[in-house]
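> Got a sequence here, can you model it:
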Amino acid sequence: MHGKSRLAAAATRRTELARAIALDTIAAARRVCAVTVVTADAAVAVAARALGATIVDEREPRGLNAAIAAGVEAAHSGHRAAMLGDLPALRPEELAAALQAAAAADRTVVPDAEGSGSTLVTARAGLPWASAFGADSLARHVEIGCAVLDAGPTLRRDVDTVAQLDAAAVLGLGPRTAAVLARTDR
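Numbers count the residues shown, from 1 in each chain. The predicted model follows:
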């Protein structure tokens, strides 16, 4: 797993931390809905499957939005949603509320805590899937027709940096992330 390279200063166990963050996100989401995980990381795949997620093997990484499209295609669901696996403080009730609000719109986006990125994107059944995750993605999601949703702080607090991880800790980290940090020199 190569994710979360900006967290290298947070822990000598960066890979373990990235996996823990992803699995805490998956576990919280599974309490609300079916989850499809796209990953090339065998350890994440095994653990996510044990949590009840469907796995799409990302054998040939083609980028974040291509991976999301593959997951959406594999999910075969009506109203579709894509959420990145970097929300270690996610509370299921906040995700449930956002998905309920999203059901009333064709396309929606939840902004990250900084207000420039995106943590969740949805599209109504029958609409072609489109996402534009990456740096400063909120504006791009709005450009493709996403209505901005208000959401609780744990759904907006994604983690890419040490400062963001510290902010997530204030909200209350999931058990896997908290356990890795408890064993890590910070």
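> buried ones in the worst-scoring helix or strand of the chain on mean pLDDT?
When each helix and strand of the chain is scored by mean pLDDT, DSSP states H and E, helix 64-75 comes last, with a mean of 90. Neighbour-count burial for helix 64-75, counted by 16 or more other CB atoms under 10 Å, picks out 64, 65, 67, 68, 69, 70, 71, 72, 75. To be clear about C-beta, it is placed using only N, CA and C from the backbone, and glycine gets the same treatment.
> can you check stretch 159-178 too?
For stretch 159-178, by 16+ other CB under 10 Å, it's 159, 160, 164, 165, 167, 168, 169, 171, 173, 174, 176, 177.
> Heading C-terminal from the host helix or strand of residue 25, find the next helix or strand.
Using DSSP states H and E, the element containing residue 25 is helix 14-30. The helix or strand immediately downstream of helix 14-30 is strand 36-39, counting by DSSP H and E.
> The closest residue to residue 64 other than its chain neighbours: neighbouring residues, count only.
Excluding the flanking residues, the one nearest residue 64 by CB to CB, 6 or more residues apart in numbering is residue 133, at 5.1 Å. Residue 133 has 20 neighbouring residues, counting by other CB atoms under 10 Å.
> got the residue ranges for the strands in the chain?
36-39, 54-57, 80-83, 107-111, 118-123, 147-148 (DSSP state E).
> Out of those, which gets nearest to residue 99?
If you check each of those against residue 99 by CB to CB, strand 80-83 wins as the nearest, at 6.3 Å.
> Show the average pLDDT along stretch 51-58.
Taken as a whole, stretch 51-58 carries a mean pLDDT of 94.
> Would you mind measuring the gap between the ends of it?
19 Å (CA to CA, to the nearest Å).
> Give me the buried stretch members for it, please.
Residues 53, 55, 56, 58 are the ones in stretch 51-58 that count as buried (16+ other CB under 10 Å).
> Stretch 44-51 now?
44, 45, 47, 48.
> Out of these, which comes closest to residue 94?
residue 48 (20.4 Å).
> Hmm, residue 27 and that closest one touching each other?
No. Under the criterion of CB atoms under 8 Å, residue 48 is not in contact with residue 27, lying 9.0 Å apart.
> list the contacts for the residue nearest to residue 49 when sequence neighbours are not counted?
Nearest non-adjacent residue to residue 49, counting by CB to CB, 6+ apart: residue 55, 5.5 Å away. The neighbourhood of residue 55, defined by CB atoms under 8 Å, 6 or more residues apart in numbering, consists of 36, 37, 38, 39, 45, 48, 49.
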